[in-house]
Structures are given as structure tokens and as C-alpha cells.
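Student: Dropping a prediction and its sequence here:
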Amino acid sequence: MATTATISISSDIAPGFGGISNTMTLTQAGTENDIEETTGFSRRRFAATTAKDLIIMADASLIQETDDNTAHKVYIRNVGDGKGTIDKSTYVAIGIGDVSGTPQPIGRLYGGDWMLFPVSGVDGEDIVATPENDNPVVLEYVMFYEI
Amino acid sequence: MATTTATISLSSDLLSDSMSVSADTTCMKAGTTADGLDMMDYGYIDVATGDEYDILDANNSGLNTNKANKVYLANHSTDETFYITVAIDGAIGRLYAGDWMFIPWGCVDQHDDIEIQAYGGTNTVCYALFHEGRTLTAS
């Protein structure tokens, strides 16, 4: 029951930079055992600048509450309007926190961009998405986690 | 135009039907469609336990805020019990030995450093920052 993620980065910014290629197998914290839980691959459409919780760590969106501070990973991609049009110049801001508070910004996910990062799974440290404008934008996402 | 592309292949057999996702993106400057990120920092460093360190310093980096910076961070330790915590002002999560992450970095204010702390032993960390340029600080 393995989950793997491979990243390849190529760039001609710096002469001689050979690029980056790295594969990880998602494992449970502190072990070589494969991670076993996932939200499944999801898709969500936004059409307003209102901040929304994309993944809530403490409620039924995960069916079972995550174990705190383990080896959870989240993948998110901005796929544009979801109908094939991707605007590289507009973004969805991604942060961590509670939508009713002031989420800590991570960064701006422009059209076509993707991100993969570890999360704590702690209650209230949800994944928050805030579109730049009211135009329709779709995020695809999946979380792998421990319980 | 400088061209930086980031590709991911993600596969999992946790579901009854295997999941496979591939995506690639060309890293552009903020708000543009034809001008790629053209500066980068790249490093490889041992991180000792005991303190939290700014591996990328928002306060001193001279980076403009709310840009389209991209950060790659990987834990090259080999002991599976070793990990680093990653924080941007507040906690993000843990990168265990062998794990990597790739995120946009808004660098919104001086508190938005990318902070890491090693646990288990000295962790070896690789990092790369792709950005639009910085203002150097006079010595």
C-alpha cells in the first residue's frame, strides 16, 4: 500500500544547475511503514474572494480526525476555471489556520501551479484558500494522513 | 525568458482503484503570463538539533512581498526517526527523512521566515528558492 511522490525541477536560471529530482514514499511518522489514510482526490470550485477551509483537520471532512504532528502531506493544484482555461496571472492564496481567524499565509498558488507540503493535522490548523477575485477557479487536492 | 518548470508525479494504491496524478508548471513572475522567475538560491546544509533556524529569512532576504516565489525543501537524512519541523511564523508540518516539499512562498512580512528545527539528530537539508530578485543589503 504505497504512496509515492516524485518531483522534477529543471531551470536554466543558473548555468550548471543540474536540476532536482527526488522521489519520496509517504510513510508514517518515524517509521518505514507506508501511510494508510487519504481523503481521496477532490475538486472544489470557488467563485468569490471569501476565504474558505479547503481541509478541516477536526471534523467530518476527514471522517476520522488526524493524529497530531505526524507525517501528513497535502497536495493542491490550481487548475484554472476547471473547463480548460488556466490563467497564470491570477492566484488563490493558501494559508494555514482557521477561516474565522487570521490564517498564516503560505503563498499564492497561481493558475497551473501546484504545491505539496507537510501539515501538522492539529485542530484549527486547517488549509484555507482565498481566491484573488470572483472569477471561477478550481482547486484539486488530496491529503494523506495518519489517525 | 528564464524557464523553470516543476513537475510532480503522485501515485497511490490506498484506494480500491489506483490513483495517479501528474502535473507540471512553469514558474512565472507574479501576475504575468510570459515572464519567468529568473533568480535562485540553492543550498545543502546540516542542521543540528536544539534550535530553530531561519533557512530562508524573509526579513533579510530583500524579496518583494506577495510574489510568486517557490521553495523546495528536502530532508536528506537517512534515519527514519529523524525529522525537521517547518514553520512560516506558525507551524506547517514535519519533514521526515526522505521527505520533500514544494510550496509558493508569499514572504508577506518580516515574520514569514521559513524556519526549521531538527529532531532525532543532525538532519541534512537541501533547499532551493526560485524568485524574482532581491535587494542586497550593504555590508
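Tutor: Cool, got the structure.
Student: how many neighbours does B:Thr124 have?
Tutor: 17 (other Cβ atoms under 10 Å in any protein chain shown). From N, CA and C alone the C-beta is placed, and that goes for glycine too.
Student: hang on, isn't it packed against B:His76?
Tutor: Yes. Counting by Cβ atoms under 8 Å, B:Thr124 touches B:His76, with 4.3 Å between them.
Student: Please enumerate the shared neighbours of these two.
Tutor: Common neighbours of B:Thr124 and B:His76 (criterion: Cβ atoms under 8 Å, 6 or more residues apart in numbering or on different chains): B:Tyr44.
Student: which residues touch B:Ile114?
Tutor: By Cβ under 8 Å, 6+ apart, the contact list for B:Ile114 reads B:54-56, B:58, B:71, B:73, B:86-88, B:105.
Student: For it, give its distance to B:Gly98.
Tutor: Distance of B:Ile114 to B:Gly98, given as Cβ to Cβ, to the nearest Å: 19 Å.
Student: Please apply the same query to A:His72.
Tutor: 15 Å.
Student: List the buried residues of the helix or strand bottoming out on mean pLDDT in chain B.
Tutor: In chain B, the helix or strand scored least confidently by mean pLDDT, DSSP states H and E is strand B:52-56, which has a mean of 93. Across strand B:52-56, burial judged by 16 or more other Cβ atoms under 10 Å in any protein chain shown covers B:53, B:55-56.
Student: Stretch A:1-10 close to chain B?
Tutor: Yes. Counting by Cβ under 8 Å from any Cβ of the partner chain, chain B is contacted by stretch A:1-10 at A:1-10.
Student: what about chain B, any weak spots by pLDDT?
Tutor: Across chain B, residues meeting the criterion (pLDDT under 70) sit at B:60-61.
Student: Chain neighbours aside, what residue packs nearest to A:Thr23?
Tutor: A:Thr6 (4.3 Å; Cβ to Cβ, 6 or more residues apart in numbering or on different chains).
Student: Go ahead and confirm the one you found touches B:Ala6.
Tutor: No. The pair A:Thr6 / B:Ala6 is not scored as a contact, 11.3 Å apart, by Cβ under 8 Å.
Student: helices or strands next to the lowest-mean-pLDDT helix or strand in chain A in the packing?
Tutor: Across the helices and strands of chain A, mean confidence by mean pLDDT, DSSP H and E is lowest for strand A:37-38: a mean of 92. Of the remaining helices and strands, those touching strand A:37-38 by 3 or more Cβ pairs under 8 Å, 6 or more residues apart in numbering or on different chains; DSSP states H and E are strand A:137-145.
Student: Pull the distance from the strand it packs on to the chain's centre.
Tutor: Put simply, strand A:137-145 sits 6 Å off its chain's centre (Cα atoms, centre = their mean, to the nearest Å).
Student: List the strands paired with that strand, with their directions.
Tutor: Strand A:137-145 has these partner strands in its sheet, going by DSSP bridges: strand A:37-38 (antiparallel), strand A:42-46 (antiparallel), strand A:72-78 (antiparallel).
Student: Pick the most deeply packed of these.
Tutor: Highest mean neighbour count among the strands paired with strand A:137-145 (mean count of other Cβ atoms under 10 Å in any protein chain shown): strand A:72-78, with a mean of 24.
Student: Which SSE is immediately downstream of it?
Tutor: strand A:91-97 (DSSP states H and E).
Student: what's the first-to-last distance across stretch B:6-25?
Tutor: Distance between the two ends of stretch B:6-25: 5 Å, counting by Cα to Cα, to the nearest Å.
Student: hmm, back to that, could I get the strands paired with strand A:137-145 in JSON lines, plus columns for distance to B:Phe82?
Tutor: Below are the strands paired with strand A:137-145 laid out as JSON lines (distance: least, Cβ to Cβ, whole Å):
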{"stretch": "strand A:37-38", "distance to B:Phe82": "23"}
{"stretch": "strand A:42-46", "distance to B:Phe82": "32"}
{"stretch": "strand A:72-78", "distance to B:Phe82": "17"}
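Student: Going by mean pLDDT, which of those comes out lowest?
Tutor: Of all the strands paired with strand A:137-145, strand A:37-38 carries the lowest average pLDDT, namely a mean of 92.
Student: ok, residues contacting it?
Tutor: A:3, A:64, A:142-147, B:12, B:14-15.
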